[in-house]
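Novice: following is a predicted model, sequence given first.
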Amino acid sequence: MFLRCTDVPAELEGVTTKTPYHKRSWTNFESRVAAIKPEDNTIHLGPLTGTLEQAPLSPPAFQRLQEEKRPEERTDDNREGFVVRFTNGKEDRPLVANLYRAFVLDTQVRRQKEIDMNNKYKIDTKEKGKMLREYFAWMGEQPVCQVEEVVLRDCHLNDDSLPPIAAGLGALSSLWKLELVGNKFGLSSLSALTCLCQLKTLQLTVDDESHDPIAVHLKGSAELKDL
């Protein structure tokens, strides 16, 4: 169970560390880990910026976040302008990045046959779709990856977010079943799934008023047997 309190009482006397919760490296790491775990495993107190739970981050994306710098973030205590920073005076960026990579690899990739994101994320923009694309692509690059089924039911996928996600799923060489039920995209977006040549079973609902057969938009999916 993960108990998260994001309210930093910066106005109280004696509080020396006033960095917001989402800009602290260790709490950022904890929230990224919690975002991948089942939702009922997290108890949340206080305000929460949406950037922490938009979509799961790939380990390379998490590392880039740790290393991001902006001029407006520079202070006497943060001379290099890191967006996400350590407040204990230590620089544990490589340690945190390696811990996150190990967590994703051990819990989401190694010995995993199914990735279930049922109603867990709101992937309704192209940007979030790209985040998930990189996440799946990184998974597929790992020699231990044997993911066969991905469930993206009720994740608010649409014509903007589906194409990049499909591109990422293409890296999962063992993937044969994909569930997209409960999302809002038209038939024209289904052509993005043709890159999933190994797909055998596809479950979906389509938000489209045309009467074109779905199969017309899935030409090239030679292995598709169950639609």
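Specialist: Arrived safely.

Novice: contacting residues for His156?
Specialist: Going by Cβ atoms under 8 Å, 6 or more residues apart in numbering, His156 touches Tyr121, Lys122, Ile123, Asp124, Asn183, Lys184. Every C-beta, even on glycine, is put in place using the N, C-alpha and C of the backbone.

Novice: okay if I get the residues you listed as CSV plus pLDDT?
Specialist: Written out in CSV, the entries for those read as follows (pLDDT from 0 to 100):
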residue, pLDDT
Tyr121, 90
Lys122, 90
Ile123, 93
Asp124, 93
Asn183, 91
Lys184, 87
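
Novice: buried subset of these as a PyMOL selection?
Specialist: Selection of buried members from those for PyMOL, criterion 16 or more other Cβ atoms under 10 Å:
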select buried, resi 121+122+123+124+183
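
Novice: so which of the contacts of His156 are in strands?
Specialist: Among the contacts of His156, the subset assigned to strands under DSSP state E is empty.

Novice: tell me which of the contacts of His156 is nearest to Leu202?
Specialist: Ranked by distance to Leu202 (Cβ to Cβ), the contacts of His156 are led by Asn183 at 12.4 Å.

Novice: let's verify the residue nearest to the closest one when sequence neighbours are not counted: helix, strand, or coil?
Specialist: Beyond its immediate neighbours in the sequence, the residue positioned closest to Asn183 (Cβ to Cβ, 6 or more residues apart in numbering) is Leu157, lying 3.8 Å away. When classified by DSSP: H, G, I helix; E, B strand; the rest coil, Leu157 comes out as coil.

Novice: that older thread, of the contacts of His156, closest to Glu91?
Specialist: Ranked by distance to Glu91 (Cβ to Cβ), these are led by Tyr121 at 31.2 Å.

Novice: where does this structure dip in pLDDT?
Specialist: With pLDDT under 70 as the threshold, the chain has low-confidence stretches at 8, 10, 15-16, 48-54, 87-90, 206-227.

Novice: domain ranges for it, per the record?
Specialist: When the chain is parsed with automatic domain parsing, its domains come out as 1-109, 111-227.

Novice: for these, which one ends up most surrounded?
Specialist: Across the domains of the chain, averaging neighbours per residue (mean count of other Cβ atoms under 10 Å) puts domain 111-227 on top, at a mean of 18.

Novice: please enumerate the strands of this structure.
Specialist: Counting by DSSP E, one finds strands in the chain at the ranges 2-5, 42-45, 114-116, 149-151, 177-180, 201-204.
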